[in-house]
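> When you get a sec, could you give me coordinates for this:
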Amino acid sequence: MKKVKWKKLLLIFLTCICVTTVAAGSYGWKIVTSTFADIQEDIDRKETEKRLEGINFKEKDPLSVLLMGIDEPGSKQDTNQRADALILLTVNPKKKSTHMVSIPRDTYTEIIGRGEKDKINHSFAFGGTKMTVRTVENFLNTPVDYFIRLDMKGLEDMINAVDGVKVNNHLGFTYRRDEFKKGIIHLNGDEAVNYSRMRHKDPRGDLGRQKRQRKVIKGIMDKGTSLTSITRHKEILEVVGDHVRTNLSLEEIWNIQSNYKNALETVNQHEISGKDGNMDNTYYYLPDKEKLQTLSKTLRKHLELKKDKNGA
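Take a look at the predicted model:
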């Protein structure tokens, strides 16, 4: 890898495809590689069966990344947690676009590797990252090439490390003593987490919360593209090391930084259409099968995949 101007590339562009940023800054290659050694997590699987060919970064092949927001901090292999937020990104630099899909945490679907249906966010508690990745792949009929996992404390610390984010808020509300007015608002880490968590005061319930989560992620992504605005390099690296886990290598992230930036020119946001349901006195979100299939086709087309045996 070529020697790079670390002063100029203060951020390695991890937020172009995920919920966090990595600062290289003036701390040099050694510190960055050490941080990435800490955050690597191998989920011990071969290439996904949903993708038959590997990704060529230099050819700017489209790719997908699953963002996982975990409810409480834990160790690399801690499975006594649930996935509080699941967002799949498909990234296509040739089309200069990214698709962002929020999956409701109460979605009723097959948990791959468990042989039964349950809430999709329980997949992490049952089988960790690997089971969640396989379950999301099956649910959307779309490959998950990479994952990035961040606990909620890490989200708060990351937003503070980039000096806060701006969002366009369309619903005025108060939550945990924080008041969120309509319009463009600036959020620190604690405010952003509360803004992302509120559900019961939103007329759209969990769908409304998902939309606010996407706004916060978009705010971090926007901040990540403004290299000169980030000054707290050491803090960012510390947050990444403490709270982020991924199967992306540093070289792969470097390739994304170099070849995939323009995929952020257009960010298309999607929701999982469905309805509320109740089984055995337990709440579930029941996806609309036809609309889910349409969304799956959209994602697969964006990833430039061949049609599967069902024509999707």
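> What residues sit buried inside stretch 267-284?
267, 269-272, 274, 284 (16 or more other Cβ atoms under 10 Å). To be clear about C-beta, it is placed using only N, CA and C from the backbone, and glycine gets the same treatment.
> Switch these over to JSON lines; also include pLDDT and secondary structure.
Below are the buried residues of stretch 267-284 laid out as JSON lines (pLDDT from 0 to 100; DSSP: H, G, I helix; E, B strand; the rest coil):
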{"residue": "V267", "pLDDT": "84", "secondary structure": "strand"}
{"residue": "Q269", "pLDDT": "87", "secondary structure": "strand"}
{"residue": "H270", "pLDDT": "92", "secondary structure": "strand"}
{"residue": "E271", "pLDDT": "90", "secondary structure": "strand"}
{"residue": "I272", "pLDDT": "96", "secondary structure": "coil"}
{"residue": "G274", "pLDDT": "96", "secondary structure": "strand"}
{"residue": "Y284", "pLDDT": "96", "secondary structure": "strand"}
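> Between the residues you listed, which sits nearest M100?
Within those, the smallest distance to M100 is 5.0 Å, found for Q269 (Cβ to Cβ).
> Residue ranges in this protein under the pLDDT threshold?
1-32, 46-47, 72-80, 224-233, 308-312 (pLDDT under 70).
> Next, give me the two most distant ones among the buried residues of stretch 267-284.
Most distant of the buried residues of stretch 267-284, by Cβ to Cβ, are V267 and Y284, 28.9 Å apart.
> Flag every buried residue along stretch 55-65.
So for stretch 55-65, counting by 16+ other Cβ under 10 Å, buried means 55, 57, 60-65.
> got JSON lines for those, with secondary structure too?
As requested, the buried residues of stretch 55-65 are exported to JSON lines (DSSP: H, G, I helix; E, B strand; the rest coil):
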{"residue": "I55", "secondary structure": "coil"}
{"residue": "F57", "secondary structure": "coil"}
{"residue": "K60", "secondary structure": "coil"}
{"residue": "D61", "secondary structure": "coil"}
{"residue": "P62", "secondary structure": "coil"}
{"residue": "L63", "secondary structure": "strand"}
{"residue": "S64", "secondary structure": "strand"}
{"residue": "V65", "secondary structure": "strand"}
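> Out of the residues you listed, which comes closest to T107?
For these, the nearest to T107 is S64 (17.9 Å; Cβ to Cβ).
> wait, that closest one sits on T142?
Yes. Contact status for S64 versus T142: in contact at 6.5 Å, counting by Cβ atoms under 8 Å.
> which residues do these two both contact?
Shared contacts of S64 and T142 (Cβ atoms under 8 Å, 6 or more residues apart in numbering): 88, 90, 299, 303.
> can you pick the most crowded of these?
T90 (30 neighbours; other Cβ atoms under 10 Å).
> what's near enough to touch it?
62-64, 98-99, 101, 142, 299, 302-303.
> any chance of those in TSV, plus distance to K166?
Rendered in TSV, the data for the contacts of T90 read as follows (distance: Cβ to Cβ, whole Å):
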residue	distance to K166
P62	29
L63	28
S64	27
T98	19
H99	22
V101	23
T142	30
L299	28
H302	27
L303	30
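> Could you tell me which residues make contact with G69?
Shown in contact with G69 (Cβ under 8 Å, 6+ apart): 19, 83-87, 150-152, 155, 213.
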